[in-house]
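3D model of this:
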Amino acid sequence: MTGPDPLPKHARDIRAALLDEYLELKEKLGPLEKRLEDVRDQLRDLVTEHGHFVDEIRGVIVRVEPRFRKEYDAERFQASFPRLSACVQLSVNVAQLDACLKAGLVTEGELDREGVLTRALHSRALVVKSLGGNRATSALGDGAIRPRTSL
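Okay, the predicted model is just below:
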């Protein structure tokens, strides 16, 4: 059983109005996000098949970049780097290992030389970069749009 709403009436009205607007926007954006994803995938496939291109009118270059995922051999990792054994659970705790790399406990070169680091193609990312000095965006394989630096 719930008691009376402790918020004053104007706060409840604002809350209801914001919820209404949120639900309305979510309903409108869903199909747009799906269409954006479809268009990005089609453009990425086209660029993958036919190569990068430059659109001078828009001042952008469109290309595809490979994205690699790092993987580690947990047994070889522990044998070669026992001081980093806390990074290994059932598999290597990549976030914790990244912290160890940043702290200078080991380098990626050392990991690579010992054979504990491998790279696997994770995805292909469509990249749209500005030809000038302005910021452009990158439409990544995961659908996120993030700021990019100029060429």
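
give me phi/psi at Thr118?
Per-residue torsions, Thr118: phi -130, psi 160 (degrees, to the nearest 10).

Not counting its neighbours along the chain, what's nearest it?
Distance criterion C-beta to C-beta, 6 or more residues apart in numbering; nearest residue to Thr118, sequence neighbours excluded, is Glu71 at 5.0 Å. Every C-beta, even on glycine, is put in place using the N, C-alpha and C of the backbone.

Kindly report the same for Gly59.
Nearest to Gly59 is Leu131, by C-beta to C-beta, 6+ apart, at 4.7 Å.

what's the neighbour count on Arg44?
Other residues near Arg44 come to 20 when the count uses other C-beta atoms under 10 Å.

wait, it sits on Val128?
No - between Arg44 and Val128 there is no contact under C-beta atoms under 8 Å: 10.5 Å.

re earlier: please enumerate residues in contact with whichever strand or helix holds the residue nearest to Thr118?
Here Glu71, judged by DSSP states H and E, is contained in strand 60-72. With contact meaning C-beta atoms under 8 Å, 6 or more residues apart in numbering, strand 60-72 is reached by 43-44, 47-48, 52-55, 91-92, 94, 97, 111, 116-131, 136, 140-141, 151.
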